[in-house]
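Participant: below are the sequence and a predicted model; questions follow.
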Amino acid sequence: MSGTFVTLVAAEIERPSIDWHAIAPELILLGGGALVTVIDLIWLERVRKLIPTLTSLVFLVALIPVITLWADGSGLPRGLWIIDENVPATGVWEGAFVVDNYSLVLKGLFLLSAYVIVLLSTNYMSEGDYYDSEYYQLIAASVLGMLVMSSSRDLISIFVALELVSIPAYLMAAWRKRDLKSNEAGLKYMLMGVFASAILLYGMSLLYGIAGSTLLSDIAAAIDIGESRPVITLGIVFTIIGFGFKVSAVPFHTWAPDTYEGAPTPLTAFLAVASKAAGFVALINVVIVALPTQANVVEPFIWVLAAITMTVGNLIALRQTNLVRMLAYSGVAQAGYMLAPLAVYDGISDRATSAVVTYLVIYAAMNLGAFAVVIIAARKTRSAELSSYGGMFNYAPGLTLAMTIFLFSLAGIPPVGGWWAKFEVFRVLTEGNRTSGIALAVIAAVNSVIAAFYYLNIAKQMWFLPSPDGDNSRIAIPPALLAAVGLTVAATIVSGVLPGVVSDMTDFVNVAAGQ
Amino acid sequence: MMASLLTFAQETPVPLTSTEQWVINTFFYVIALVTVVAALKMVTTNNVVHAALYLLIVLAAVAAVYIILGAEFAAATQVLVYIGAIMVLLLFGVMLTRAKIGSEDDLNYDQRWLGGLVSVVLFAVMGYSLWEGFGETKLDPTFQPQRTGEVAESIFTQYIVPFEAVSVLLLAALIGAVVVARRD
Amino acid sequence: MAQYLPLAALLVLAALFAFLSFVGSALLAPRRSTEQKSAPYECGIIPGREPPQRFPVRFYLVAMLFIVFDIEIVFLYPWAMVHGDVGLFGLIAVLIFSAMVFESFVYLISKGALDWGPLQINQRQSEMVDASRTATSTIRKVGLEGRYEHAPAKTAAASASDELDETASAA
C-alpha cells in the first residue's frame, strides 16, 4: 500500500516558479494587514494609538515594490509565474494575474489614496469613541482587494476582488453604530451592493457559458467581431449593470447619497474615491480586454449611462444644501465623465483607457482634498451645511484657498488639475469624429457649465458671505489633516500646471491581456 | 479506485445507455418541478420560517442539479455551505430580529403586482436568450463527473490569487460583523 | 453513472426504513393517548411562561464563526485531494489561508466577543473620551431609543466630528 502511495505522490505537477517581485505589493499588504491585526490582538488598548500609523506604514511599504516594478519597466507586462521556454507551460499558468503599467499606476493610486484616507481618519476615529483599530484593518483588507483588482484579467479574480473591496466597505459604512443614519447607510449600501453582485455574477456566468473560460482574453477570442446573439448581449448588459452599481452610475446610484451622508466622513471619502475607482478598474478590465469585439453592444449602453449619469448627478447636486450630499451627487456626475471615454472605445481602447485613468488619478487628488477640508471645517462648525461655510476666509484663509483650489479643479477650471482630466476626456470623445462621441462631448460641456455653478457657489460662500454665527475664532488643524490637505493640494496643482507628470504615467501602451 | 482518484486518469468514456439517459432526464424534470414549486411557495408564504424552509428545498434541489451535471464538488459545497451554514444563519436572523415566528398577514409588499410583472418580463428575456444561446447544447453523453482533484488543481494554479484573497475576505467580514453586531 | 448506484441504493433503503417504521408503528403500537402524553414536554415541568422573543445577538457571532470555518473546510477538502501533487507550494498556500481564517477566531477571543458573562467595559474606555461623552454612552447603553436628541451638550473638541454628522442628518 505504501509503495503505491509513494509512486502516486511522485507525480508532482511541473510548476513554474513564482514571480515574487510582481506579487510583492499584494503580499506586503496581506502580511502587513495580518501583522497589524495580530499586534492589535496582543496589546489591545496599549497600541490603539499606533494602529493608524502602522497601517499607513504598511501602505507606504507596499508602494515600494510598485515603484521598483515601474522603474524596472523593461520586464512588463509580467504575470504571477516566471514562465521560460524550458518549462512546458499550459494555459492555466497564464493570464489571470497581470502586472503592467496600467495596473502599476492604479496600485500606486490606491495605496496613496489609502494613505491619505488613514490621515483623514486618525482624528475622526480616535475622538469619536469608535472601534478604530478594526476600522484600519478593514481599510487594509479593502485596499488589498483594489490591488488584486488592478491586476485581475479573469472573471473569478475580478469578482473576488470586487467583493473584497465592497464587503469591508458595507460594514464600515455602519461604523457609527449609535446613529440611525449610519445604520441606514450601511444597510442600504449592503443591500444594493449585494443585489448588484448577484446581477454581475449572472452576467459573468453567461459570458463564461459562451466562452468556456474565465480568462478575459479567452472570452475575447471566443466572441467573433460584431457577433450578436441575445445571450452575449444579456451577459454584457448584466455585467455592466453590476459595475454600474459600484461606480454609482445613474440609475444605479440610489444608494450613494444616503450612504455618503450616513457613513463616517473619512469613509465617505474612501467610497467616493478609492472604491469607485476600483469599480472603474473592473469595468475597464472587462470592457477593454474581454469585449473589444462587442463595441456595437457596449458603446450605446455606456453612452446612455454616461449621458444620464452626468446630467442627473449635476441637476440634483444643484439643489443640495449639505456639502457632503452635494459632493456625493457631484461624484455621481464625475462618474459620468469617467464613463464617457468608454462609450467610444472602439479602435482607440488605449487612448480611452488612459483618459479614464488620468481622470481617476486627478479626481482622487481633488476629491480627497475636498473631503479633507469638509472634515477640518466640521471640527469647528460641527456641520456640513453649505451655509456654515460662510465667512471661512476671515478665520481660515489658508483652508479657504485650499478648498477653492479643489473646487476649481472639480469644476475643470485651469490651471489646477481638473481641466486636464476633462480635456483628455474631450480629446478622446472627439478623436474619431464620430457623431456619438461629439454628441456626448456636447452633453459633457453643458454639464461642466452647470457643475461650475454649484462648485463656485461654495467658493462664494466661503470668500464673500459672513459667517452665520459670527464666530470667527480660528480652526485648530491637527497635523494628520494638515498633511492630507498639503498632499492633495500639491497633487492637484502639479497635475494641472504640469499635466505631463500625470500623462507620463497614464500614457501606457495598453491594458495587457496576459502573456 | 484510489489511483484513479489521485492521478485523474481519464477512464475510457462509455456512452450512456438509453435507459440511463431516460433516468437522468426524469430525475431532472422531477427536480426542476420541485425547485420551481418551492421557489414560488417561498415568495408567497406568509410565514418567515416556512419561507426559509422552502428556500432550503430550493438550495437542496440546486445541489441535485449539480450532481446531475457531474459537478460533485460544487454539490458538496452547496450542501455544506448553503444548507449547512447559510440556512442556520438565516434562521438565526429570524430569531434575533423581532420578526414574528408564525403566520403574518401584512407580509406582502404593496407593489407585488408590479414586481410580478417585472419578473415575468425578465423571465421572458432571460428565458429566450438562454434558449437561443444554449438550446442546442446537450449533456455530454459519456458523462464524466468532474473530479474534485481537477477543481483543486485549478485552485492552486489559475485561481491562487483569489483563493488567498478569500481568506482575507473571511477575516474582514468576521471582524466587521463582530464590531457591528456587538453590544458596547 | 454506475458509481452512483450505491448512493441510490442507500436512498431507497432509507426511504424504505422510514416508511416501514411508520407502517410498523401504526400496525403494532397500542394507542392509549391521554392529555398528559400529548402535552409539550419540557423537563417534566409544565412550561410556565413563553421563551423570550429575542435571542441575544451573541448567538449570531457563533453562527458567523461557524460559517467562516465551514467555508475554510470547503477549501481544505480539495487541497487534501491533491496535497501530494501541489507539494510544498500548496501546503504554504493553504497554511496562509488557514492562518488568516484562524486569525478571525483569535480576534473573537482576544476582544472578548465570546465572553458570556456580564458586559466588560474595560476595553472601550480610554483617556481620549471625556467625561460627558462617557455619561451619554452609558445612558445609551441602557437601550432607550430616541435618547439621542436629548443628550447633554458635548465639549467641542471631543465630539466635533460627531456633531458634523448629527447636523448633516438633520438636514
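Facilitator: Okay, I see it.
Participant: pLDDT weak spots in chain C?
Facilitator: The model of chain C has pLDDT under 70 over residues C:1-2, C:40-55, C:117-171.
Participant: what about the helices in it?
Facilitator: C:5-28, C:35-38, C:58-110, C:131-141, C:156-170 (DSSP state H).
Participant: want to try a markdown table for the ones you listed, with mean neighbour count and distance to chain B as columns?
Facilitator: Just so you know, the C-beta spots here come from the backbone N, C-alpha and C atoms, and that holds for glycine as well. Putting these into a markdown table (neighbours: other CB atoms under 10 Å in any protein chain shown; distance: least, CB to the nearest CB, whole Å) gives the following:
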| stretch | mean neighbour count | distance to chain B |
| --- | --- | --- |
| helix C:5-28 | 10 | 9 |
| helix C:35-38 | 8 | 21 |
| helix C:58-110 | 18 | 3 |
| helix C:131-141 | 14 | 8 |
| helix C:156-170 | 19 | 16 |
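Participant: out of those, nearest to B:Leu90?
Facilitator: helix C:58-110 (9.5 Å; CB to CB).
Participant: who does the closest one touch, helix- and strand-wise?
Facilitator: Applying 3 or more CB pairs under 8 Å, 6 or more residues apart in numbering or on different chains; DSSP states H and E, one finds that helix C:58-110 contacts helix A:2-9, helix A:20-43, helix B:2-7, helix B:72-77, helix B:87-96, helix B:148-156, helix B:160-181.
Participant: what's the most buried one of the ones you listed?
Facilitator: Across those, averaging neighbours per residue (mean count of other CB atoms under 10 Å in any protein chain shown) puts helix B:160-181 on top, at a mean of 23.
Participant: output that one as CSV, nothing but the C-alphas.
Facilitator: The C-alpha trace of helix B:160-181 is given here as CSV (Å, rounded to 0.1, in the frame of the first residue of the first chain):
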residue,chain,number,x,y,z
ILE,B,160,-4.3,31.0,-6.4
VAL,B,161,-4.6,34.8,-6.0
PRO,B,162,-8.4,34.8,-5.5
PHE,B,163,-8.0,31.8,-3.2
GLU,B,164,-5.8,33.8,-0.8
ALA,B,165,-8.0,36.9,-1.2
VAL,B,166,-10.9,34.9,0.0
SER,B,167,-9.1,34.2,3.3
VAL,B,168,-8.7,38.0,3.8
LEU,B,169,-12.4,38.4,2.8
LEU,B,170,-13.5,36.0,5.5
LEU,B,171,-11.3,37.6,8.1
ALA,B,172,-12.5,41.1,7.3
ALA,B,173,-16.1,40.0,7.2
LEU,B,174,-15.9,38.4,10.6
ILE,B,175,-14.1,41.3,12.2
GLY,B,176,-16.6,43.8,10.7
ALA,B,177,-19.6,41.7,11.7
VAL,B,178,-18.4,41.4,15.3
VAL,B,179,-18.0,45.2,15.5
VAL,B,180,-21.4,45.9,14.0
ALA,B,181,-23.3,43.1,15.9
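Participant: what's the angle between that helix and helix B:87-96?
Facilitator: 20 degrees (axes from the mean of the first three to the mean of the last three CA atoms, to 10 degrees).
Participant: helix B:160-181 and chain C in contact?
Facilitator: Yes - Helix B:160-181 lies within reach of chain C by CB under 8 Å from any CB of the partner chain, at B:160, B:163-164, B:166-168, B:170-171, B:173-175, B:177-178, B:181.
Participant: residue contacts, the closest residue in space to C:Phe69 that isn't next to it in sequence?
Facilitator: Distances taken as CB to CB, 6 or more residues apart in numbering or on different chains place C:Val101 nearest to C:Phe69, at 7.1 Å, with adjacent residues excluded. C:Val101 makes contacts with B:Ser167, B:Leu170, B:Leu171, C:Val68, C:Phe69, C:Ile71, C:Glu72, as judged by CB atoms under 8 Å, 6 or more residues apart in numbering or on different chains.
Participant: what do you get for C:Trp79?
Facilitator: Counted by CB under 8 Å, 6+ apart, C:Trp79 has contacts B:Ala152, B:Ile155, B:Phe156, C:Val86, C:Gly90, C:Val94.
Participant: re the thing from before, out of the helices of chain C, the one nearest A:Leu386 is which?
Facilitator: Closest of these to A:Leu386 is helix C:156-170, at 11.2 Å (criterion: CB to CB).
Participant: relative to A:Glu94, which of the helices of chain C is closest?
Facilitator: With CB to CB as the measure, helix C:58-110 is the member of the helices of chain C nearest A:Glu94 (17.2 Å).
Participant: the closest one versus helix A:20-43: what angle between them?
Facilitator: Put simply, helix C:58-110 runs at 100 degrees to helix A:20-43, going by the same axes, to 10 degrees.
Participant: domains for chain B, by residue range?
Facilitator: B:14-105, B:147-184 (automatic domain parsing).
Participant: so which of the helices and strands packed on helix C:58-110 comes closest to A:Leu481?
Facilitator: Minimum separation from A:Leu481 across the helices and strands packed on helix C:58-110 (CB to CB) falls at helix A:20-43, 21.8 Å.
Participant: the closest one vs chain B: in contact?
Facilitator: Yes - contact between helix A:20-43 and chain B, assessed by CB under 8 Å from any CB, occurs at A:Ile23, A:Glu26, A:Leu30, A:Gly33, A:Ala34, A:Thr37.
Participant: and the closest residue to A:Ala343 other than its chain neighbours, how far from A:Gly244?
Facilitator: Excluding the flanking residues, the one nearest A:Ala343 by CB to CB, 6+ apart is A:Trp303, at 4.0 Å. Distance of A:Trp303 to A:Gly244, given as CB to CB, to the nearest Å: 13 Å.
Participant: three-state assignment of the residue nearest to A:Ala343?
Facilitator: Put simply, A:Trp303 is helix when judged by DSSP: H, G, I helix; E, B strand; the rest coil.
Participant: what's near enough to touch it?
Facilitator: When the contact criterion is CB under 8 Å, 6+ apart, the partners of A:Trp303 are A:Ala343, A:Ser436, A:Leu440.
Participant: which among those end up buried?
Facilitator: A:Ala343, A:Leu440 (16 or more other CB atoms under 10 Å in any protein chain shown).
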